[in-house]
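In: could you look at this predicted model? Sequence included:
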Amino acid sequence: MMIVRLCLVVLTVFPGAALSQEQPSAEALYIQKGCLGCHGASARGGVGPSLAGTSLPLPAFLAQMRTPRGIMPAFPAEAVSDAEAGRMLGYLRGLPTTQPRLRTDLPSGELSPAGCADCHRRLNPTIVWQYERSAMGRAGTQNPRVVHAQRSMTCADCHGNDHDRIMASKGRVAETVCASCHAEIYKEHVLDAGHSYGPDPGGLGANWERNISVPHYKDMPRKVMEMGCDPCHAQAGATDDQYWSDSLQQYVDGSSLTYRNGCIACHTRHAFSLEEAKKPEACYTCHMGPDHPNYEAYMSSKHGSIYTARGAAWDWNTPMADARYETPTCAYCHMVYVDGNDRRSVSHNMTRKIIWGMGVQPALGQLTDITQTPENQTKRDEMIKVCLVCHAEDKARGYLASADAHKLAGDALVIEARDILKGLYDDGLIRPSHATRSAGLLPGPRFTAIELDQITAQHSPASLYYDVTPIERDYFDMFFFSALKSYKGAFHMSPDYAWWYGYADVLGHLAGIRDEAATIRSADATRTRTLFMLVTGPLMVLAVLGAVWGVRRSMGRA
Amino acid sequence: MMIVRLCLVVLTVFPGAALSQEQPSAEALYIQKGCLGCHGASARGGVGPSLAGTSLPLPAFLAQMRTPRGIMPAFPAEAVSDAEAGRMLGYLRGLPTTQPRLRTDLPSGELSPAGCADCHRRLNPTIVWQYERSAMGRAGTQNPRVVHAQRSMTCADCHGNDHDRIMASKGRVAETVCASCHAEIYKEHVLDAGHSYGPDPGGLGANWERNISVPHYKDMPRKVMEMGCDPCHAQAGATDDQYWSDSLQQYVDGSSLTYRNGCIACHTRHAFSLEEAKKPEACYTCHMGPDHPNYEAYMSSKHGSIYTARGAAWDWNTPMADARYETPTCAYCHMVYVDGNDRRSVSHNMTRKIIWGMGVQPALGQLTDITQTPENQTKRDEMIKVCLVCHAEDKARGYLASADAHKLAGDALVIEARDILKGLYDDGLIRPSHATRSAGLLPGPRFTAIELDQITAQHSPASLYYDVTPIERDYFDMFFFSALKSYKGAFHMSPDYAWWYGYADVLGHLAGIRDEAATIRSADATRTRTLFMLVTGPLMVLAVLGAVWGVRRSMGRA
Amino acid sequence: MMIVRLCLVVLTVFPGAALSQEQPSAEALYIQKGCLGCHGASARGGVGPSLAGTSLPLPAFLAQMRTPRGIMPAFPAEAVSDAEAGRMLGYLRGLPTTQPRLRTDLPSGELSPAGCADCHRRLNPTIVWQYERSAMGRAGTQNPRVVHAQRSMTCADCHGNDHDRIMASKGRVAETVCASCHAEIYKEHVLDAGHSYGPDPGGLGANWERNISVPHYKDMPRKVMEMGCDPCHAQAGATDDQYWSDSLQQYVDGSSLTYRNGCIACHTRHAFSLEEAKKPEACYTCHMGPDHPNYEAYMSSKHGSIYTARGAAWDWNTPMADARYETPTCAYCHMVYVDGNDRRSVSHNMTRKIIWGMGVQPALGQLTDITQTPENQTKRDEMIKVCLVCHAEDKARGYLASADAHKLAGDALVIEARDILKGLYDDGLIRPSHATRSAGLLPGPRFTAIELDQITAQHSPASLYYDVTPIERDYFDMFFFSALKSYKGAFHMSPDYAWWYGYADVLGHLAGIRDEAATIRSADATRTRTLFMLVTGPLMVLAVLGAVWGVRRSMGRA
C-alpha cells in the first residue's frame, strides 16, 4: 500500500494535462486555424477564393481541406476536425457575399483617352493634378536622354483604355511598360539584378523570386506577408509577366499581393518627382529596421546630419552626376560611377559596388576577408572614387578597411556562438527545433544551416519566430539583428549603430548564449540526477524490505 | 544525532535570509519610501503640500502617515517605522522653505491689458513676438469662419488681468476660454470625445478621466506621472472646471499636473501656427512609442517618406479641406470628411473613422471581425472616401481589409498565449501576480483580466512593470507592444512595423511564452521530486533503523 | 559492483566535455584571436604595424607574441599555441604588401598655396567648392568678433604647404590651429572642459583622455573602437599635441583613430556652415542611442516637434544670442547665457549649466538631491534664465524640480536592484563576474563598483558585454540604458522616453532582477538538495548493507 502511495506521488510529479478550454466560436476557429491568411478577414478572398456566402456542400468543403487542389495546404483531421469544419462552413455560408462599394456607376469597355481626366479629376483629384504637373504629363519637358515614341502622353499610354481591364488588373502598369521608353534603366535595374539584394544565395533566384520561394514563406499567413514582407520585395521584376496571368488578369505566384510597386516604389506615381526619388526617404521604407538599419545608421551619421540640416537648400532637379550635394545621399554613393577621367555618371544598378551584401553571415559561413579578391578590389575602387568627391583616398580607403575589420570582428563572435549551438545540437540537448524548424546554424548556403546527424538545422527570416528554443532565438537575434546593425552601422558611419546597437549587443548575446548553454547542460545534469534518485529511491526501499524479509526468513529458519 | 545533522543540512538548503544593509540616510529614506512622488525632490510640494522646513511635531507627522487625511495613502509601521519617520522629519525640518526666485519685483492686482507686452517683451521676448505675429494677435486677420466677439485681442482676453490670479493659476487658459470663440471645435473635440482614444472601455470615462482613474495610477509616484503619462493625456477636457478649484486656483483631481495643455497641445501658444498644428509632428510627442508607434510607422511608410521629401514645399495655410498635399498627413486621414458630392470638410473629431481603436486587445477579448457591423461599415466608408483623393476604391478597400486580417492573425497568437497563462494560473503555478498585480489576461473589460478562482488577474499599463513574473511581463510586451506595433504598422503602411517590430515579434513572444510555461511546469516537477526525496530519504533511514531495531528485538526475543 | 555502476551513473550526471571542432583556417585564426583589432582585416596595420608580407622569422614572431614590446598585449601559449602562431605567420607572409591606390602621381615637398585648388578642384570638387563659399574662404566676410591675422586665407593657412607631411598626417588640422584665430572658443571648449561629459569621474581626466583610459578599453579590438566609441569622444582636445608625435606624424595614444574631429565635429569642413553647426543634427551623431537618447528625446518633445515643423523658416545665420527661434534647439539651451540685464550671449562651454551630468548613477552612488548645493543652484538659475525667453519662471522651475524627482525616483529603483546583486555577490551565488569582469555595483567612483570580500565588482561601458551573468547584464541595462532614458526623457520633455522607454522599463528590469535572484537562490537550493541526495543515497545503501551484515553477523553469533 505504501508502494501504491509512492507511485501516486511520483505520478503527480509529471503534470501537464491538457487545459480544458471553452469552445471557440466558428468565426474564431476560422481565424485561429489560419484560414484568413489566404481567404481574408471577411472571407472575401485573397490568394484564395472568396468563401463568403459559399454554397459548397460539406463533403466538397471537407475534401478540399483534406486533399486540396491548387496551392492550398492540407488541413488533416488532427488540425481541423470534421465538426470544426462543419461549424466553419456554417459561419462562411452566412457571410455577406457582396463587397460594399461607394461607387457603382462605373464606365465599361474601351474609352477615349481624352476623357480620363474628366472623371478622375473629380474622383481622385490629387493624382490628376500630380500627373499634369509631372515631367511625363507635360509634353516636351521630358527627360532629354529618353528616346520618346511620342511627345505627349495620356493616361492610356501606360494604363490602356479598356476600363474593365484597368479595374480588373487594379490599374497595373508593369515595369516593362516603363521600359518601352526607359529601356536602359530597366536593363540596369531588373535584367542585371541591379536592385537585387546582394549576390544570389543558394540558387534562390533574384529579388522577388527569392522572397516568395524563401523557406517557410508558404507557411506564413499570406495577408501578413502582404502587409510585411512583400511590399518591399515587390521591386525589380515583381511585375514581370512570369508572375502574371493575362487571361485571369491577376498575379498567380501564390503571393497575396495583387498590387505591386515596380518602378513606382521610388518614382511614386503620379508625380514621378525627381526630388522624392533621389532623397534618402525614397529608400527609407524598405532599407530600415532591425535587420538592416541603413536609413537609421545613415541619418545618425555625419553624412545624414548634414543632409537633414542642409538638404532642403540643394537643387534636386539637376541630374545627380552633376549635382552639388554637401554630403552624399543613399543614391549618390550607390548609383554614381566615376570613370578614368573623373567624369561622373549614374546607373540604376545600385549593387555593383557592394561587397559584403546583406552581410547576413560571415562571408558565406567562413571567417575570411573577402575584400581581397580581384572582383571585390574593383568594387572597392568603384566606391572609393565616389568618396574622393569629398575625401582624400587614404582616408576613404582606411575607413572602409577599418569597417571590414569591424565586420569580421563581429562575425568571429557569431561563429563562437554557432559552435556553442552546434555542441548542444550534437549532444541532443536542443533539437532543431522543438519540431522541424530552427534558428539554424551557419555556414552552408545562406539561410540554410548545417546538416546534423539526422536532421537539418535550417533557418530563414520567415521561420525564425515560432517553435524555436530561446537559445536559438537569441542566436538569430545575434546574427540577424545585432551583427547586421554592427556591420551596417560601421559602413554607414554611425558610431551608435556600430557599437551600442551593434557590436556591444553582439557581445551581450554571446554572453547570454554562453550562459544559456551552461544552464541547459546543468539542467540536464540535474534532471539525470533526480531521475536517478526516483529510480533508486524505491529500489532502496525494496532492498530494505527484502533484507528485512531475508533476515526474518533466515531467523524463522534459525 | 545523525538525524539532527540531517536537519541542519536540510535547513541550509533553503537560504534567503534578509541581507544586512547599511542604514540609508534620512534623505535616501524620503526618496526610497516614495514621499518625493507627491511632495517633490526638495520637499517643496506637488500634489502633496510642501514639507520643507515643516514645524509639524512628530506625533502629528506620524498620525498623518498612519491614518492620513485627504488623498495621501497610509504608510503603516511595516512600511515606515517610527524611527524612520522621526529621522525623515528631522531631515524635512532642516530643508530651506523658500523656493529660490530670480524675479521678485512682481506686479500685483488688476493691471491694464495695454501694459502686458511692455514688461513681457523684455522678460519673455519670444512669446510676445509670436503672439503679435499670430492670427489671434493681428486684428482682422483671424479665421473668417469664427464668430468673433471682438476684432482685436489682448493678452487679458484669454488670461484675465489680475496678475496674482494669473501667477497662482500658472497662466491657465481653460479650453472653455478658447471655446468662447471656437465653440464648434470645442464641441467636436471635447464634448463629442472627438480626441478620445477609442470607445470608452469599462466605464472609465473619456480621456483625462480615464488616465487618472486607471487601475494603479494612484500607486505610481505622481511626479513620474507628471513627466510620463499625464502630459499626453491632458487633452480634450483636462482643463475643464470639474478638475479645477477656482477658490484654490489649482487642479484638485490628484494629478501632479499643475499646468495642462488643452488646445495648445497642438496649437502651441503663442504662435498658434497652422503649419505646426497640421504637420505630423504635432501628433508625434504623444502618438509614438512602443505601444502605439503611429508616428514612426507613418514616417517609415511611403506616405511619410513623401511628406518628408516634399512637405516643405506645400502651402500649410490653405484650409486642409482645400489643400493640395502629395500625400496624406495624420490630420488629413483622421480629420477630413467627404460628403456625397465629393466636397471635403474638416472636423476636430478625429476618432469618428476609427474602428479598432487603440487595438489593445482582440476586439474586446474575442476573435471577431468587428469591421462587419453596420456602424463600422460606415466608419470604413468614411475613411475610404479620403483614400479616394489619391487611390482607386478597390485598392483602398482591399488594403484595409488585408490590414484587418493582419490584425486578427496577430490577435489569434495573443489568444494562444493567453490560454497558456490561464493554464498556469489555474494550476497554481503562477499567481496574479507575486502579490496583487498581474500582467493580466484578456478578455473582460479592457485593461481588466478574467476572474480566476479566488483572485482577479488584472492589468493596466500603470501596474504592469513591477511585481509580475517574467512570463506575465513577456505576455504584456506581446499584446501591448508587439501586437500593437503589428496592427499600427499595417494600418499606417509600414512594412517593418507590420512585420519585424510587429508580427514577427508577436511570434517570438509566443515561442518564448510556450518555452517559459514548459520550464515552469518542468521546474515544478523537479521541485516536487526533490521535496519527495527530502521527505522519503530520512523516512527510509528511519525505516532501516526501525527494521534493524525490530530484527534485533525479535532476535533478542529469540 | 553495484557501487561501481552507481559511480558511473553519477559521473554521467556531470557532462560538459569540450566539443571537437574542425580546425579553423589560418586566416580565421588571425581574426578569431583578435589580431585584426590592431593590425587590420588585411593585416595592413592600424594601431599595430602592418604584418602583410612580413619577413619576420618564426622565433621573433613568437617572441613578440609571448613577451611583446610596446603596447601589444601578450598572447601566452594557452591563448595561441606555437603551431597556431606558425600557421598565422604563414598566412601573413603570403598577403600582398602594397595597399592598392587609385592615384600614384602625387606631388611632393613644399608647394605654392596658390596651386592647391587647381588639382583638388578636379580630384575632390565638393570640398573646394564648399571652402570657396565658406566664411573662411571669402576674404573680408569672416566673423567680425574674430581677430584675424589676415583677411584672406588659403588651404595652407590650416594645412601647411608640405604635401608629404599633409599626406602623412592625413590632412590633420589640430584644434590649436583653429585656436590661433578662435582663441576664446578654444578656451571655453577645450581648456575649460566645456564640452566634457559632466564632472570628472574618478580622476579619469577629461573627455578624450577619459575615453582611452576607461577600464577595459584596451581589451577591445581597436578597430571596433575606431568605428564605435572613438569618433564621438575625439572632441575637445583629442587632437592636442600630447597625443601626437610630430616626428612620427601620427597619434601615439594607442587609439586606432588616425583621423580626429576636433572643431570640425560640429563645424564640418570645408563649408563651416553656421546653420549646420547650430541645428540639433550637429549633436545627433553623438548624443543619441540607448545610453543617452538626448536627440531622440528632444525630437519627440514639443520643442523638437516645433523645430521640425517650423525650423526651416528660421534665420540660422543670425548670431544665436540674437536669434528668433520659436523653440529652443540643443545649442540654445546649453550654449546661451543671460546676464542680469537680460542680455544674451553664447559660450562654447556647453556643460556649465548641467547638474546631473551623464546621470549614469544615482548622484555619485547616493540617493541625494544634489540640486540643493549652492553651486548647483547657480547652474539651475543659469538654465532657467534661458527658459524665461519663452516661459514663466514658476513653470520652468517647477518642471525642472519635477524632473529632479523623476530622476531620483528611478535611481531609488536602481539602488534596490544594486542591493539585490550585492546580496548575491556576498552569498557567493554570482561572482563578479564569471571571470574578472562584472556589470558592477554602484556606488564608488563612477564606472567602478564596490569592493567585495576578495574581489572588486567593477564595470565600465567597454567591458559590460562579455563574460557577465545575465542578472548582471540586466542590471547594467537597467541603470545604463533604462534609467538614463528615464532621466534624459524627463529633462528633454519627452513623455515616452520618461515613461515607456525609461521609468517603466526600469520597473520592468527591477521585477526581472527580483525574479532572477529568486531563481538563482532556488536553483542553488535545488542543487544543494540533489547533491545531498547523491551523497546520502549511496550512504543509505551502505547503511542497509551494513545493518543487514550486522544482523547476519549477530545472527551467526546467535
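Out: Structure received. Residues are numbered from 1 along each chain as shown, chains lettered A, B, ... in the order given.
In: quick one, longest helix in chain A?
Out: With DSSP state H applied, the helix covering the greatest number of residues in chain A is identified as helix A:504-557.
In: report the central residue of chain A.
Out: Against the mean C-alpha coordinate of chain A, by Cα atoms, centre = their mean, the closest residue is A:Cys229 at 4.6 Å.
In: ok, residues contacting stretch A:165-181?
Out: Here stretch A:165-181 makes contact (Cβ atoms under 8 Å, 6 or more residues apart in numbering or on different chains) with A:106, A:146-149, A:158-160, A:185-186, A:190, A:236-237, A:239-241, A:244, A:249-250, A:258-260, A:262-264, A:269, B:392, B:394-395, B:398. All C-beta atoms are positioned from the backbone trio N, CA, C, and that covers glycine.
In: quick one: which helix or strand includes A:Arg418?
Out: Using DSSP states H and E, the element containing A:Arg418 is helix A:393-426.
In: in that helix, which residues are buried?
Out: Residues of helix A:393-426 classed as buried by neighbour count (16 or more other Cβ atoms under 10 Å in any protein chain shown): A:393-415, A:417-418, A:420-425.
In: sorry, back to before: what angle do helix A:393-426 and the longest helix of chain A make with each other?
Out: Interaxial angle, helix A:504-557 versus helix A:393-426 (axes from the mean of the first three to the mean of the last three Cα atoms, to 10 degrees): 20 degrees.
In: pLDDT of helix A:504-557, averaged?
Out: Throughout helix A:504-557, pLDDT has a mean value of 78.
In: what does stretch A:110-117 give?
Out: Along stretch A:110-117, the predicted local confidence has a mean pLDDT of 91.
In: and the end-to-end length of it?
Out: Distance between the boundary residues of stretch A:110-117 (Cα to Cα, to the nearest Å) amounts to 15 Å.
In: contacts for that stretch, please.
Out: A:128, A:132, A:154-157, A:161-163.
In: and of the residues you listed, the nearest to C:Gln99?
Out: Distances from C:Gln99 to the contacts of stretch A:110-117, taken as Cβ to Cβ, are shortest for A:Asp157 (53.0 Å).
In: which element is that closest one on?
Out: Using DSSP H and E, the element containing A:Asp157 is helix A:155-159.
In: tell me the helix or strand right after that helix.
Out: Taking DSSP H and E as the definition, the helix or strand that follows helix A:155-159 towards the C-terminus is helix A:163-168.
In: and that following helix, what's buried?
Out: Residues A:163, A:165-167 are the ones in helix A:163-168 that count as buried (16+ other Cβ under 10 Å).
In: now the stretch 351-500 of chain A against chain C: closest residue?
Out: A:Trp499 (2.8 Å; Cβ to the nearest Cβ).
In: what's near enough to touch that residue?
Out: By Cβ under 8 Å, 6+ apart, the contact set of A:Trp499 is A:486, A:489, C:224, C:227-229.
In: got the phi/psi numbers for it?
Out: For A:Trp499, the backbone dihedrals are phi -100, psi -70 (criterion: degrees, to the nearest 10).
In: can you check A:Ser345 too?
Out: Dihedral angles of A:Ser345 (phi, psi; degrees, to the nearest 10) stand at phi -140, psi 170.
In: report the beta-bridge partners for it.
Out: Going by DSSP bridges, A:Ser345 is paired in beta bridges with A:Tyr337.
In: isn't it right next to A:Met320, touching?
Out: No: assessed by Cβ atoms under 8 Å, A:Ser345 is found out of contact with A:Met320, at 9.3 Å.
In: any idea how far apart the tips of stretch A:93-101 sit?
Out: Counting by Cα to Cα, you get 21 Å between the two ends of stretch A:93-101.
In: near A:Glu375, how many other residues are there?
Out: A:Glu375 has 9 neighbours, counted by other Cβ atoms under 10 Å in any protein chain shown.
In: now the helix or strand encompassing it, how far from the centre of its chain.
Out: Counting by DSSP H and E, the element that carries A:Glu375 is helix A:374-387. If you compare the mean C-alpha spot of helix A:374-387 with that of the full chain, they lie 29 Å apart, counting by Cα atoms, centre = their mean, to the nearest Å.
In: do stretch A:221-232 as well
Out: The offset between the C-alpha centroid of stretch A:221-232 and the centroid of the whole chain comes to 9 Å, using Cα atoms, centre = their mean.
In: okay if I get the buried residues of helix A:163-168 as JSON lines plus pLDDT?
Out: Formatted as JSON lines, the entries for the buried residues of helix A:163-168 read as follows, by pLDDT from 0 to 100:
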{"residue": "A:His163", "pLDDT": "95"}
{"residue": "A:Arg165", "pLDDT": "93"}
{"residue": "A:Ile166", "pLDDT": "94"}
{"residue": "A:Met167", "pLDDT": "92"}
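In: which of the contacts of stretch A:110-117 sit farthest apart?
Out: Across the contacts of stretch A:110-117, the longest distance by Cβ to Cβ is 22.8 Å; it joins A:Glu132 and A:Asp162.
In: any residue of the helix holding A:Asp157 touching chain B?
Out: No: for helix A:155-159 and chain B, the contact criterion (Cβ under 8 Å from any Cβ of the partner chain) is not met; the two come no nearer than 11.0 Å.
In: pLDDT averaged over that helix - what is it?
Out: Computed over helix A:155-159, the average pLDDT equals 93.
In: what packs against it?
Out: Counting contacts by 3 or more Cβ pairs under 8 Å, 6 or more residues apart in numbering or on different chains; DSSP states H and E, helix A:155-159 packs against helix A:116-123.
In: tell me which helix or strand comes right after the helix it packs on.
Out: helix A:125-133.
In: buried sites along that next one?
Out: Applying a neighbour-count criterion of 16+ other Cβ under 10 Å, the buried positions in helix A:125-133 are A:125-131.
In: wait, A:Glu188 touches A:Gly194, no?
Out: Yes: the pair formed by A:Glu188 and A:Gly194 meets the contact definition of Cβ under 8 Å, at 4.6 Å.
In: leaving out chain neighbours, which residue sits closest to the residue of chain A found nearest chain B?
Out: The nearest approach of chain A to chain B comes at A:Gly228, 2.8 Å away (Cβ to the nearest Cβ). With Cβ to Cβ, 6 or more residues apart in numbering or on different chains as the criterion, A:Gly228 has its nearest non-adjacent residue at 2.8 Å, and that residue is B:Trp499.
In: tell me the residues of the stretch 251-400 of chain A that contact chain B?
Out: Within reach of chain B by Cβ under 8 Å from any Cβ, the stretch 251-400 of chain A has these residues: A:256, A:258-259, A:268, A:271, A:273, A:275-276, A:279, A:281-282, A:284-286, A:288-291, A:312.
In: just the buried residues of those.
Out: Buried by 16+ other Cβ under 10 Å: A:256, A:258-259, A:268, A:271, A:273, A:275-276, A:279, A:281-282, A:284-286, A:288-291, out of those.
In: got phi/psi on A:Ala312?
Out: Dihedral angles for A:Ala312 - degrees, to the nearest 10 - are phi -60, psi -20.
In: alright, that wraps it up for me.
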